[in-house]
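A.B. asks: Got a sequence here, can you build the structure:
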Amino acid sequence: MAERRSLKQILARLKNTATGEVLARVANVLSGLHVKGYLVGGFVRDIISNRETGDIDIAVAGDGLDVARRIAKACG
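C.D. replies: Predicted structure coming up:
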């Protein structure tokens, strides 16, 4: 049986990774814009399942195209 982990433990595992760096940049952009963002889709499934993931899916409450441009600029 798989070991049970809390979401906090799962996210802590990402802290010093490239994915964690991207998530931190995204969080900073969203915070600066006062926009809520939600991790969704395959990213969530893969992280919970302790699998590698090839993308990060984020839903935002706002103008998705504007937010995407700003995130892309912040991430280079």
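A.B. asks: how near is Ile58 to Gly41?
C.D. replies: Per Cβ to Cβ, to the nearest Å, Ile58 is found 9 Å from Gly41. The C-beta positions use only the backbone N, C-alpha and C, and glycine is treated the same way.
A.B. asks: Between the two, which is the more surrounded one?
C.D. replies: Ile58 (19 against 14; other Cβ atoms under 10 Å).
A.B. asks: State the distance from the more buried one to Gly37.
C.D. replies: Ile58 is 5 Å from Gly37, by Cβ to Cβ.
A.B. asks: Local confidence estimate at the residue nearest the centre of the chain?
C.D. replies: In the chain, the residue lying closest to the centroid (Cα atoms, centre = their mean) is Leu23, at 4.4 Å. On pLDDT, Leu23 comes in at 90.
A.B. asks: how about the CA coordinates for the helix or strand harbouring it, as CSV?
C.D. replies: Leu23 is located in helix 18-33, with elements delineated by DSSP states H and E. This file holds the C-alpha atoms of helix 18-33, laid out as CSV (Å, rounded to 0.1, in the frame of the first residue of the first chain):
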residue,chain,number,x,y,z
ALA,A,18,12.5,23.8,-10.9
THR,A,19,8.7,23.2,-10.6
GLY,A,20,8.7,24.9,-7.2
GLU,A,21,10.6,27.9,-8.7
VAL,A,22,8.0,28.2,-11.4
LEU,A,23,5.2,27.9,-9.0
ALA,A,24,6.7,30.6,-6.8
ARG,A,25,7.0,33.0,-9.7
VAL,A,26,3.5,32.3,-10.8
ALA,A,27,2.3,32.9,-7.2
ASN,A,28,4.1,36.2,-7.1
VAL,A,29,2.5,37.4,-10.4
LEU,A,30,-0.9,36.3,-9.3
SER,A,31,-0.5,38.0,-5.9
GLY,A,32,0.7,41.2,-7.6
LEU,A,33,-2.4,41.2,-9.8
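A.B. asks: Thanks again, I'm all set now.
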